[in-house]
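S.K.: Dropping the sequence and predicted coords here.
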Amino acid sequence: MKVVVTGSLGNISKPLAKELVEKGHAVTVISSKPEKQKAIEALGVTAAIGSLDDVDFLVSTFTGADAVYTMVPPNYAVPDLRAYYQKIGNSYAQAIRQVGIKRVVNLSSYGADLDKGTGFILGAYDVEGILNELSDVAITHLRPTYFYYNLYIFVDMIKEAGFIGANYGDDDKLVMVAPVDIAAVAAEELVILDAVQAIRYVASDDLTASEVAHRLGVAIGKPALKWITFTDEQAQSGFEDRGIPAYLAANFIDLGASIHSGAMRRDYDLNKPTAMGNVKLDDFAREFAAAFHRG
């Protein structure tokens, strides 16, 4: 099959491209950065350098493909995140419609079933809606859960304050995922052309925040490490004190509040994956400890 992968050499796209190549597929990887071209080609794939909001570029790149993996790269520099997601989503939709692509696997997020109260995840909700307007296209929205590597944001807090703190924590359950486990599911889905799932959740481990703190604490030599739950107001002040703009902080607060309330995972709990991914928190904890002691 001929497959187009967006997301350059990101944490999901790189292992996804490698796995597709190993299985004998012809792969094109899209990146906006010309300096990535050699590294992309070193994977044994074709590099396509251009912008995701350039419909003509997408049309040219998608032509002849049997399947496309779509994702919207994070971009916290834009003034309106939802508008940014909608713009990229509409570019994808126009190109897919114009070329006549029949199979799309879209990277979304858990919480994308909700139309309010999830902060940044509302962009994923919008893109799902835009792509679902396409007809005669088999679309699967992958909804991965809380990325392990989000835990890196707490390294400085642990060093400075001796605990983890957010507007979620303690006994809140965190369903987490590793990018390589997402890549494995995406590779599996891209070659399925009939009877596809509209939504597929991807997760690797499911623990309370207190359990997460304990296991990370053991890995870094601080087994008594706690995860404290802040109020929304305390968390907002903390973000702003660190120089994060108020509107971005508000997105983090909404996202955290939906984790704390359980709203983020409500649909996940009703539609859990049949199997969890291979990478468990204890595996990630070793990487976390290395980063903690290196930093």
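M.R.: Yep, that arrived. Residues are numbered from 1 along each chain as shown.

S.K.: hey, let's count contacts and neighbours off CA atoms from now on
M.R.: Fine.

S.K.: And the strands in the stretch 151-295 of the chain?
M.R.: For the stretch 151-295 of the chain, applying DSSP state E, counting those that start in this stretch gives strands covering 164-166, 173-177, 199-202, 205-208, 227-229.

S.K.: which residues make contact with the third one from outside it?
M.R.: In this structure, residues lying in contact with strand 199-202 by CA atoms under 8 Å, 6 or more residues apart in numbering are 110, 140-145, 177, 181-182, 185, 268, 271-273, 276-277.

S.K.: buried subset of those residues?
M.R.: Members of the contacts of strand 199-202 that pass the buried threshold by neighbour count (16 or more other CA atoms under 10 Å) are listed as 110, 140-145, 177, 181-182, 185, 268, 276-277.

S.K.: Closest one to Leu255 out of those, please.
M.R.: Ranking those by separation from Leu255, with CA to CA as the measure, puts Tyr110 on top at 11.1 Å.

S.K.: so what's the backbone phi/psi at that closest one?
M.R.: With angles defined as degrees, to the nearest 10, Tyr110 sits at phi -60, psi 150.

S.K.: Which of the helices or strands spans the closest residue to it other than its chain neighbours?
M.R.: Once its chain neighbours are removed from consideration, Tyr110 has its nearest residue in Arg143; the separation is 4.8 Å (CA to CA, 6 or more residues apart in numbering). Secondary structure assigned from DSSP states H and E places Arg143 in strand 138-144.

S.K.: centre of the chain versus the following helix or strand past that strand, how much separation?
M.R.: The helix or strand immediately downstream of strand 138-144 is strand 146-147, counting by DSSP H and E. In this view, strand 146-147 has its centroid 7 Å away from the chain centroid, taken as CA atoms, centre = their mean, to the nearest Å.

S.K.: for stretch 226-234, same thing?
M.R.: Here the centre of stretch 226-234 is set off from its chain's centre by 24 Å, with CA atoms, centre = their mean.

S.K.: Next: stretch 100-116.
M.R.: In terms of CA atoms, centre = their mean, the centre of stretch 100-116 is found 11 Å from the chain centre.

S.K.: just stretch 105-117 next, same as before
M.R.: Once both centres are worked out by CA atoms, centre = their mean, stretch 105-117 turns out to sit 10 Å from its chain's centre.

S.K.: do stretch 271-287 as well
M.R.: Chain-centre distance of stretch 271-287: 15 Å, with CA atoms, centre = their mean.

S.K.: Might you list the low-confidence residue ranges for this structure?
M.R.: The model of the chain has pLDDT under 70 over residues 295.

S.K.: Just give me the longest helix of it.
M.R.: Scanning the chain for the helix with the most residues, using DSSP state H, yields helix 81-99.

S.K.: what's in contact with it?
M.R.: 52-56, 58-59, 62-63, 70, 72, 75, 78, 120, 122-124, 126-127, 130-131, 134.

S.K.: got the buried residues for it?
M.R.: By 16+ other CA under 10 Å, the buried positions in helix 81-99 come out as 81-82, 84-97, 99.

S.K.: With adjacent residues omitted, what lies nearest to Glu41?
M.R.: By the measure of CA to CA, 6+ apart, the closest residue to Glu41 outside its immediate chain neighbours is Ala47, 6.0 Å from it.

S.K.: neighbours of the one you found, just the number please.
M.R.: Taking other CA atoms under 10 Å as the criterion, the count of residues near Ala47 is 24.

S.K.: Who does it form a beta bridge with?
M.R.: Ala47 has these beta-bridge partners by DSSP bridges: Val29.
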